[in-house]
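> Coordinates for the following, if possible.
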Amino acid sequence: MRNGDYLPTRMESQADAVNLICNVKTQQNPESTVGVMTMAARSSPEVLVTPSQDLGKILTALHNVKIAGATHFLSAIQVAQLALKHRQNKNQRQRIICFV
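Reported below is the predicted structural model:
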């Protein structure tokens, strides 16, 4: 078990927090969209789900995330900004939330 200071694990605690934030954001406004990406992939950050209103797709992608690689924080923020730049509804406010 990695980083056992949170119960059940740190990764599951972060998944619960992401689930809570996604639920609140998608229920708050029907036009809100949420995307998911990893900061630590094999070579670079990876977008798992482009901004979407489909909570099932987001939770499925989150469930399949594996802990691996080194964190590429700056690259991840740049990729997130690029994903937000190409979103469908340009009137929405842009927010990036990071879990490290």
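> Beta-bridge partners for the residue nearest in space to the middle of the chain, please?
Central residue of the chain (CA atoms, centre = their mean): V36, 2.9 Å from the mean position. Taking DSSP bridges as the rule, V36 bridges to V49.
> So for it, what's the pLDDT?
Among the per-residue scores, V36 holds a pLDDT of 91.
> List the residues that contact T38.
P45, E46, L48, V65, A76 (CB atoms under 8 Å, 6 or more residues apart in numbering). Any C-beta I mention is one placed from the backbone N, CA and C, and that applies to glycine too.
> Okay, the second one and P8: tell me how far apart.
Looking back up the chat, that one is E46. 25 Å (CB to CB, to the nearest Å).
> These two: which is more packed in?
Legend: neighbour count by other CB atoms under 10 Å for E46 and P8, higher for E46 (17 against 10).
> And the helices in the chain?
10-28, 55-63, 73-85 (DSSP state H).
> Nearest to A41 among those helices would be which one?
helix 73-85 (9.2 Å; CB to CB).
> Please compute how far that closest one lies from its chain's middle.
Put simply, helix 73-85 sits 12 Å off its chain's centre (CA atoms, centre = their mean, to the nearest Å).
> Run through the protein and note the low-pLDDT ranges.
Scanning the chain for pLDDT under 70 picks out the ranges 1-6.
> Could you export the helices of the chain as JSON lines, including mean neighbour count and distance to A41?
Output for those, formatted as JSON lines (neighbours: other CB atoms under 10 Å; distance: least, CB to CB, whole Å):
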{"stretch": "helix 10-28", "mean neighbour count": "14", "distance to A41": "15"}
{"stretch": "helix 55-63", "mean neighbour count": "15", "distance to A41": "13"}
{"stretch": "helix 73-85", "mean neighbour count": "14", "distance to A41": "9"}
